[in-house]
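Peer 1: coordinates only, sequence not included:
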């Protein structure tokens, strides 16, 4: 059997090894010490000046905890995003780096699938609007309204962020569980993969929606800087304040919020907590986000949410009667575009179930469910050529 | 008649994660492995890919460890020759010829020791057959339908375990096994399995429908 290490491009492999070592959080000295290699030898390997023997490769892959397929697969897209996310301000640097690395890996996997099936992504990004002088919140609101207008949304609430972002704007979106509950999402822009957003699957759908719009806001004002949404961190920068204000205006446009609030208040003569739940449901927002928006627009007194929370308020009963929002019922295994690419590549025999599970960071049963969605062989049909029944 | 292709020459079976998940999904992995009476092995990297027990949702590693502890499964590491084959499979130039790590170590180990691959994945099956043309690559249903298992467990239990693997693990049913699965599990139960393509159930459903002819 051919020894692949004799024919693989040593510089490409060296570059991947360096990135893998970085992800593993090891310096060249540390790695060399464990592997029994001089630092100069490791430098030569990472520069592609020295080929590896299989047993050395095995030791390195085990130390870096990276599978050989990741290092050797031709056509694999490798993004080294670790340094960008580790450099972000904030106390949770490890959690931020984890989110950033996951986002980079998923984006790379999606690009690889696109190249396999020959379906490149068509980006249709909103124009960049770097923050200028003047009120940041007002600039954010203008940007949100501009994007709504561009997408033809009017003032209507939007429930399907993923569909909108992927199909209308060409932004890559991934939904995966993150180990840190405080991290709601992440954003990355890279010349090779474009704009990408990661949302925490452990969070409720309303929270994920808000995070999606937050990251779009970040993309509008600071496209080339990575971002992580940390729910426990106050807005420290003007870009962060811009993104939060953008998300509020995009998801709950001020004029529609005022209009619906006044309608409800006029009907009932008051605005009770149950109406808060109904209004939140209408806007696909959490009760907290909705209440804080009403406070921001001075429709409710400042501190209303804090009071409600301290009194033990929960909209659970109303929601249980109403049967939950549409968004709650949609807890997708894969986002639409990724599903299309993965099932097509699988149908063509270009990827295996194991390859999809690893690259897309999905459980194998989830992969099977994704592939089963269209009923297996039925996907071979071309609907335009089916004879009428 | 049993569609199982498990033969006397298949003394050593090399499992990957896809078959292990299906076996765990039957709820009868231990009795099945005991009844087939073969040396069943699994490469380390493949074993690590069993993340979740599809029947219980619990972490998969304890379930694999339990089979090992019962002496029904052995974990193995690749030899140097096997490792070279493994690298060639994961790094194949043509995407159609490449496998993921667990699939690749399974095929590489089987090739190395001239054993039988047991895999429930069509790309891995195709590549295994290309590399070992004198051997069949078997699947989970080769074990579940083998006479030693069906006789040992009885019809009702076999129907339950096949149904369970279809529902919990979304086990695939290759064409040679479809009639046997329909006969064993029954159409009524199969209709409830969302993982099954309606297209291969349709002929059986058409035959089973009453014609509605007036007397």
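Peer 2: Received, thanks. Worth saying up front: this structure is predicted, and the values here are computed from it rather than measured. Residues are numbered from 1 along each chain as shown, chains lettered A, B, ... in the order given.

Peer 1: Now for the residue nearest to the spatial centre of chain B: which residues touch it?
Peer 2: In chain B, the C-alpha nearest the mean C-alpha coordinate belongs to residue B:140, at 2.4 Å (C-alpha atoms, centre = their mean). Applying C-beta atoms under 8 Å, 6 or more residues apart in numbering or on different chains to residue B:140 gives the contacts B:19, B:22-23, B:118, B:120, B:165, B:171. For the C-beta atoms, the positions are set from N, CA and C on the backbone; glycine is no exception.

Peer 1: give me every residue that touches the nearest residue to it once chain neighbours are set aside.
Peer 2: The shortest distance from residue B:140 to any non-neighbouring residue, by C-beta to C-beta, 6 or more residues apart in numbering or on different chains, is to residue B:22 (4.0 Å). By C-beta under 8 Å, 6+ apart, residue B:22 lies in contact with B:120, B:140, B:165, B:169, B:171.

Peer 1: The first one is in contact with residue B:171, isn't it?
Peer 2: Yes: taking contact to mean C-beta atoms under 8 Å, the distance of 6.7 Å between residue B:120 and residue B:171 places them in contact.

Peer 1: And for the closest residue to chain B within the stretch 201-350 of chain A, the neighbour number?
Peer 2: Residue of the stretch 201-350 of chain A nearest chain B, by C-beta to the nearest C-beta: residue A:350 (4.7 Å). Residue A:350 sits with 17 neighbouring residues when counted by other C-beta atoms under 10 Å in any protein chain shown.

Peer 1: Settle this for me: it is touching residue A:117, isn't it.
Peer 2: Yes: the pair residue A:350 and residue A:117 qualifies as a contact (C-beta under 8 Å) at a distance of 7.3 Å.

Peer 1: all helices for chain B, in order.
Peer 2: Along chain B, counting by DSSP state H, helices occupy B:17-26, B:29-36, B:44-47, B:60-69, B:80-90, B:101-113, B:122-131, B:140-144, B:147-153, B:155-168, B:178-185, B:187-190, B:198-208.

Peer 1: For residue A:302, which of these is the nearest?
Peer 2: Residue A:302 lies closest to helix B:60-69 among the helices of chain B, at 50.6 Å (C-beta to C-beta).

Peer 1: Is that closest one in proximity to chain A?
Peer 2: No: Helix B:60-69 does not reach chain A (C-beta under 8 Å from any C-beta of the partner chain); its nearest approach is 9.7 Å.

Peer 1: Quick one: list the elements packing against that helix.
Peer 2: helix B:17-26, helix B:29-36 (3 or more C-beta pairs under 8 Å, 6 or more residues apart in numbering or on different chains; DSSP states H and E).

Peer 1: Comparing these, which stretch has the densest surroundings?
Peer 2: Each of the helices and strands packed on helix B:60-69 was scored by mean neighbour count; the highest is helix B:17-26, a mean of 29, by mean count of other C-beta atoms under 10 Å in any protein chain shown.

Peer 1: Measure how that helix sits relative to helix B:122-131, angle-wise.
Peer 2: Interaxial angle of helix B:17-26 relative to helix B:122-131 (axes from the mean of the first three to the mean of the last three C-alpha atoms, to 10 degrees): 130 degrees.

Peer 1: residue of the stretch 151-300 of chain A with the smallest distance to chain B?
Peer 2: Distances between the stretch 151-300 of chain A and chain B by C-beta to the nearest C-beta are smallest at residue A:177, namely 12.7 Å.

Peer 1: Any idea how far apart the tips of stretch B:133-150 sit?
Peer 2: 29 Å (C-alpha to C-alpha, to the nearest Å).

Peer 1: Please read the previous query as pertaining to stretch B:164-177.
Peer 2: Stretch B:164-177 end-to-end distance (C-alpha to C-alpha) = 16 Å.
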